[in-house]
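1. This is the structure alone, sequence omitted:
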């Protein structure tokens with residue numbers, strides 16, 4: 001086997017490890033109605049349990065997001081796998097709400113470690129000249145893994161025994177396989193430093209980035225907020241309002257949003273970076289409108305279309321936002337600027353989702369969802385209008 005084949009084999013294997021970790025973060029999604037029945041908590045509690053994941057990701061990105069640059073990719077990824085396994089154990093042992101909080105918190109810590117380190121690792125293991133294909137592997141692993149989580153747990157919960165246990169046992173087995181594979185891959189950080197040299201990174205916005213950062217961050221916030229609602233409250237809406245109690249169907253609908261996002265990110269190469277951000281905003285706006293129609297008229301078809309079109313819009317907008325922000329950033333501050341964008345994006349899957357949970361009690365799930373949609377539509381429309389009036393300059 002020549003060096004090129006070995007490089008692509010390592011690249012794909014590292015992508016598979018990435019996908020397994022990310023799948024664990026969305027694994028509980030179709031199971032939340034079952035936990036509600038078992039422990040008797042409200043929709044607000046569901047959104048808080050879900051949002052803990054985002055807060056943990058943000059904390060890791062800010063505090064030790066650059067740890068793999070110092071100590072190496074493999075040690076950080078092995079630590080992330082350990083946290084993913086601990087999260088699965090918490091769900092397996094769940095006898096009350098505290099276990100769910102702990103499981104989501106550990107899952108967020110795991111994803112926070114993987115987000116930067118695994119993306120860099122996949123890119124670095126690819127053979128020379130394979131940057132574009134390696135980007136595809138990293139994108140597919142990230143969003144594809146997020147989509148496979150609810151699909152796997154939904155199918156197992158619906159068609160196999162022990163719905164609250166078998167998905168996590170399966171994930172533990174996959175994590176164990178990844179832990180066996182990872183040490184066999186080459187370490188790509190050649191000059192490693194002690195962990196004590198790692199310092200928290202403060203998000204930074206140089207003056208020349210601010211003009212493009214505003215609409216880019218807004219679109220990212222709305223896209224991740226849409227995903228947050230799909231992965232936290234959509235199973236409950238499907239069950240209560242549409243009578244869809246099939247966990248496999250619920251998991252598939254959530255998975256479609258992530259798979260559509262992968263397709264949207266891959267389409268940026270054909271659409272072009274300059275057009276992908278405004279087109280993504282348009283897709284998000286259409287996705288929000290379809291979700292509003294689904295809430296108003298209780299139509300499953302509109303939920304599916306919202307997942308597909310909104311997910312595609314999110315993929316276009318986020319990759320376009322990331323490209324524009326990275327291109328506008330000075331090289332020595334690029335990592336800090338991108339970290340700031342990720343912090344805003346992950347805030348989108350926590351703050352608005354908790355808001356929906358708070359409003360569900362007084363005005364119901366439909367009313368809370370419509371308030372959320374109106375707020376997000378105003379934000380993304382403002383970003384789109386700004387981009388149309390002041391398009392980003394062409395960049396190489």
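-> Received it, and whenever you're ready, just let me know what you need. The structure displayed is predicted, hence computed values, not measured ones.

2. Which residues are in contact with residue 222?
-> By CB atoms under 8 Å, 6 or more residues apart in numbering, residue 222 lies in contact with 284, 288, 317, 348, 376, 379, 380, 383. (Each C-beta comes from the backbone N, C-alpha and C, glycine too.)

3. what comes up buried for the helix or strand hosting residue 133?
-> For residue 133, the element it lies in under DSSP states H and E is helix 131-159. Within helix 131-159, the residues scored as buried using 16 or more other CB atoms under 10 Å are 134-158.

4. With stretch 74-85 instead?
-> 74, 75, 76, 77, 78, 79, 80, 81, 82, 83, 84, 85.

5. ranges for the helices of the stretch 201-350 of the chain?
-> Assigned by DSSP state H, counting those that start in this stretch, the stretch 201-350 of the chain shows helices spanning 207-232, 234-240, 247-271, 273-297, 300-328, 334-348.

6. what helices or strands is the helix ranked longest in the chain leaning on?
-> Secondary structure of the chain read by DSSP state H shows that its longest helix is helix 351-389. Using 3 or more CB pairs under 8 Å, 6 or more residues apart in numbering; DSSP states H and E, the elements in contact with helix 351-389 are helix 43-64, helix 207-232, helix 234-240, helix 273-297.

7. would TSV of the ones you listed with mean pLDDT and distance to residue 173 be doable?
-> Below are the helices and strands packed on helix 351-389 laid out as TSV (pLDDT from 0 to 100; distance: least, CB to CB, whole Å):
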stretch	mean pLDDT	distance to residue 173
helix 43-64	90	22
helix 207-232	90	23
helix 234-240	88	24
helix 273-297	93	35
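
8. Adding distance to residue 323, write the ones you listed out as CSV.
-> Below are those laid out as CSV (distance: least, CB to CB, whole Å):
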stretch, distance to residue 323
helix 43-64, 19
helix 207-232, 9
helix 234-240, 29
helix 273-297, 4
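
9. average pLDDT across stretch 73-93?
-> Taken as a whole, stretch 73-93 has a mean pLDDT of 97.

10. which stretches of this structure have low pLDDT?
-> 1-3, 204, 331-332, 335, 390-396 (pLDDT under 70).

11. Give me the helices and strands touching the helix holding residue 133, please.
-> In terms of contacts (3+ CB pairs under 8 Å, 6+ apart), helix 131-159 is packed against helix 3-26, helix 97-125, helix 166-181, helix 247-271.

12. Would you mark the buried spots in the third one?
-> Right, helix 166-181. When burial is assessed from 16+ other CB under 10 Å, helix 166-181 yields the following buried residues: 166, 167, 168, 170, 171, 172, 174, 175, 178, 179.

13. Distance check, the third one against residue 174.
-> When distance is defined by CB to CB, to the nearest Å, residue 168 is 11 Å away from residue 174.

14. same deal with residue 111?
-> The span separating residue 111 from residue 174 equals 15 Å under the rule CB to CB.

15. Ok, residue 382 next?
-> Relative to residue 174, and taking CB to CB, residue 382 is found at 42 Å.

16. can you list the helices of the stretch 201-350 of the chain in CSV and add distance to residue 30?
-> Shown next, in CSV, are those (distance: least, CB to CB, whole Å):
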stretch, distance to residue 30
helix 207-232, 10
helix 234-240, 5
helix 247-271, 4
helix 273-297, 18
helix 300-328, 14
helix 334-348, 22
